[in-house]
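Enquirer: what's the 3D shape of this:
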Amino acid sequence: MPVPFLGRLNITEYVALVGSFLLVGLEALIRILTLALPSTLLALFYRISRRIFNRLTSPAQKRAHERRKSVSSSIRNASDFVDVCAMFGYTAEEHLVQTKDGYLLLLHRLAWRKGEEDVRVNRGPNSVKKRVVYLHHGLLMNSEVWVCLTDAQRALPFILVDRGFDVWLGNNRGNKYSKKSVNCSPTSLEFWNFSIDEFAFYDIPDSIAYVLDTTGQPSLSYIGFSQGTAQAFASLAVHPKLNDQVNVFIALAPAMSPAGLHNGIVDALVKASPQVLFLLFGRRSILSSATMWQSILYPPLFTRVIDIGLGFLFNWKTLNISTSQKLAAYPHLYSFTSTKSVVHWFQIIRTKSFQMYDDDVHPPLLLSSSSKYTKVAKYPTRNIKTPIVLVYGGSDSLVDIKVMLRELPSKTIATEVPHYEHLDFLWARDVDTQVFPHVFDALESFTGAEENTKAQFERYRSARHNTLRANSSLSNHEPRHSDVADSDVSTAVGGSEAATEPSEVQGYQQQSLERQSPPIAAVARAARRIRAPISEDDRSGHRSESSSPGESTHDGRFKETAIATGLDGMADRGPGAEPDADGFSRSPVRPKKRRSTGGSQISTQMSLDSMKAGRGISLGASTS
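Expert: Now for the predicted structure:
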C-alpha cells in the first residue's frame, strides 16, 4: 500500500514541490529585507533593474517606450479608480455595501457624461432615467482593470457612459477596495476564509441589490470578465430571484471549468493535491508580495516578468496588447484575494466540474469509494433563466467552450474571436471593434427581465440579420484570401478563408491616427461587422445547405459565422522598419506595392472605408 501523501506524486512532481518551497522561501526573505531596507537602497535596486533592462533592450524599443512614456506613466501611477477616470474627464462615485455576512465592499459608479455632472441620474421621479449596467472583474483583480487603458475609446465603462448608461463596477471581498469586515480583521485567518461560494452567495447578489435599490431600476445588465463570469454563473444558479433582476448576462472570456495550466509539471502538481497551495502561500492572502516587486523593478522589466509568467502558466503570447498598454495596465493587474479561492479553482480543474468548495478533500486512491457516500454539490447552471451571451477567445487556454455550453441553458449564444487570448478582452488594441459590438448588440436587444424571453431572442436575431442584409452587397463582391502573415492587413480566420474589401486602405499607421482623432474614432466605432446570412433553417436549429462553413456543434447548437477584416500592428517587420507609437515595428507604407497572399493580391495601402468594416472573424453558436 502506498505511503499516505507520498504516494500521491511522482518524482518529477516532488522536485517541483521542493523547488516551489525554495522559491517561496526566497521571496519571503527578499520581502522581509525589502521592508527593513531604507528608501535609498530601494531606489538603488530600482536603478539596477533599469540598467539591466536597458542592456537587454534594443535602441528602437527604447525610443518607442520614451514616445509613449507620458501616457502610460500617468495611468500606471494613478492611485485609484477615481484618479484614472478623472484623467479622462469622467466623474466617479464610490459606494459602500455591507454583505449579509459582514464584509464591506466598495462599488464604483460612472453615471455622467462629460459636462453633465450636475444632472440627477436615477434619483427619484424627477431625475434622468438611465438603464443600469454592472461590470465585475476577474481573479486577483479589482475594478481598475476596466479603465486603465491608454485610449478612452477602448475603455468599455467610458463608452457605456457616453451611450447613456448608468455604469456600476463591483469589487470582491479582500481586494484593494474591500479589505474590511465588521466581524473580523484582515490580519486574521477568519477574514480570508472565503472562496467562490462566498462571492456567489453574498458579494454578487448583495451588490446587485444595492445598485437596484439606489437607482430605483427594476433590473440591470451584467457584464463579467473571467472569474466575474463564474461568479455570475454561480449566483444566478443558486438565487432564482436574481434572474428577475438581471435582464442579460454578457460573459467576456468566460470561466467555468478550465482544462488546466499550460505547464505540465505545475498542472500535475495542483491537480494531484490542490491543498499544496495552502502549504506554499498559507491561508490568508495569496501573492501579497506582488506590490513589493512593482516598487523595486523598472516598469518595462516588470511587464517583461509578467509576460514570462503568463506564457509559462497559460501559454499566452499577449501579442494583441501594445507595449504602452502593458506598461499602463500591468501595475493595476494584481489585487488581493484569498488562497482558498485559488484552491477552489484548482479543485474545479481537478474534478472537471463547476462545483462548490470541497472542505473534505480525499486522496485520489479514495475517490472511487468515497464518491458513493459523499458528493460535492455542483452549481445548477442549467437552471439559469437570464439570457446569456458568451464572447470568448479562440486562443484562450482557460476556455473550453464545448464543456461550458453543455452546462448552460440551450439558448446560450456564443461568439468566438479566434485570435484573442484571455486579457485581450480588457486591453487589446482593437477591443473596441472586436468585442464591443457584441456587447452593444446584446444590450440593445435584451432590455428588461420582465419581458418575454423568446421575444427578446427574436429581437436579437432580427437585429443581427438586418446588419447582415445591409452588408451583404459588400461581402458578395469581396476577393477571398488566406490568412496573411507578412502584410499590413491580417485576417483572423482560424483555418478558414476570410473576405476583405477590394478598396485601398491605410495600414497600422492609420489605426494609430484613429486612436488620436475623435471624429475618425467615432466613425470606426460605429462600423459593424460583416457577417454571413442566416437562413430560416439555421434559426430553427437545423443546418441549411446555404449556411456558413462548418458549423455543426454539440447538443444541436449551430454556428453563425461573421467574417471581417483586421489590422495587425505586428505584421510587417521588414528591413528599415521603424517602431510605432506602441513600440511595435512596421515598415514604411508603400502605396503601390502589392504582395502575393495565397493566390490573391492585397495592397499595403488601404482606405478607411475598409477599416470601418471591422476586424477578425466571429463564430457564434446558438439555438432558438
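Enquirer: buried set for stretch 442-450?
Expert: Ala442, Leu443, Ser445, Phe446, Ala449 (16 or more other Cβ atoms under 10 Å). (C-beta placed from N, C-alpha, C; glycine too.)
Enquirer: Make TSV from those and add distance to Ser74, pLDDT and secondary structure to it.
Expert: Below are those laid out as TSV (distance: Cβ to Cβ, whole Å; pLDDT from 0 to 100; DSSP: H, G, I helix; E, B strand; the rest coil):
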residue	distance to Ser74	pLDDT	secondary structure
Ala442	33	92	helix
Leu443	30	95	helix
Ser445	37	92	helix
Phe446	37	92	coil
Ala449	40	69	coil
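Enquirer: of all those, which comes closest to Thr99?
Expert: When these are ranked by distance to Thr99 (Cβ to Cβ), Ala449 comes first, at 22.7 Å.
Enquirer: wait, Gln245 sits on Leu212?
Expert: Yes: using Cβ atoms under 8 Å, Gln245 is in contact with Leu212, at 6.1 Å.
Enquirer: Is the nearest residue to Ser338 once chain neighbours are set aside in a helix, a strand, or coil?
Expert: Distances taken as Cβ to Cβ, 6 or more residues apart in numbering place Trp192 nearest to Ser338, at 4.3 Å, with adjacent residues excluded. At Trp192, secondary structure determined by DSSP: H, G, I helix; E, B strand; the rest coil is coil.
Enquirer: Could you say which helix or strand holds Gln248?
Expert: Heads up, residue 248 is Val, not Gln. Using DSSP states H and E, Val248 falls within strand 246-252.
Enquirer: Send me that strand as CSV with only the CA atoms.
Expert: C-alpha atoms of strand 246-252 as CSV (Å, rounded to 0.1, in the frame of the first residue of the first chain):
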residue,chain,number,x,y,z
VAL,A,246,-30.6,40.7,-14.4
ASN,A,247,-32.0,41.2,-17.9
VAL,A,248,-28.9,39.9,-19.8
PHE,A,249,-25.6,38.4,-18.8
ILE,A,250,-22.7,39.2,-21.1
ALA,A,251,-19.7,36.9,-20.3
LEU,A,252,-16.3,38.1,-21.7
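Enquirer: Now for Gln245 and Leu212: what residues contact both?
Expert: When Cβ atoms under 8 Å, 6 or more residues apart in numbering defines a contact, the residues bordering Gln245 and Leu212 alike are Pro218, Ser219, Leu220.
Enquirer: and these, which of them are in strands?
Expert: Assigned to strands by DSSP state E, the following of these qualify: Leu220.
Enquirer: Which members of the shared contacts of Gln245 and Leu212 are classed as buried?
Expert: By neighbour count, with 16+ other Cβ under 10 Å, these hold Ser219, Leu220 as buried.
Enquirer: Looking at the shared contacts of Gln245 and Leu212, spot the one nearest Ala152.
Expert: Leu220 (23.2 Å).
Enquirer: got a list of what the closest one touches?
Expert: Leu220 neighbours (Cβ under 8 Å, 6+ apart): Arg131, Val132, Val133, Tyr134, Trp168, Ile208, Val211, Leu212, Gln245, Val246, Asn247.
Enquirer: Kindly report the same for Pro205.
Expert: The neighbours of Pro205, taking Cβ under 8 Å, 6+ apart as the test, are Ser235, His239, Leu242.
Enquirer: out of these, which is most surrounded?
Expert: Counting neighbours by other Cβ atoms under 10 Å, the top entry in the contacts of Pro205 is Ser235, with 28 neighbours.
Enquirer: For it, which non-adjacent residue is spatially closest?
Expert: Counting by Cβ to Cβ, 6+ apart, Ser235 lies nearest to Ile204, which is 4.1 Å off, once chain neighbours are set aside.
Enquirer: Check Gly260 too.
Expert: In space, Gly260 is closest to Asp267, 4.5 Å off (Cβ to Cβ, 6+ apart).
Enquirer: and the one you found, what pLDDT?
Expert: You'll see Asp267 listed with a pLDDT of 74.
Enquirer: same question, Gly448
Expert: Looking at Gly448, the pLDDT reads 79.
Enquirer: who touches it in this structure?
Expert: Contact partners of Gly448, counting by Cβ under 8 Å, 6+ apart, are Pro218, Ser219, Asn247.
Enquirer: Which of the helices or strands spans Met141?
Expert: Using DSSP H and E, Met141 sits within no helix or strand.
Enquirer: Please report phi then psi for the residue nearest to it when sequence neighbours are not counted.
Expert: Residue nearest to Met141 in three dimensions, not counting chain neighbours: Ser335, with 5.5 Å by Cβ to Cβ, 6+ apart. The phi and psi values for Ser335, taken as degrees, to the nearest 10, are phi -150, psi 160.
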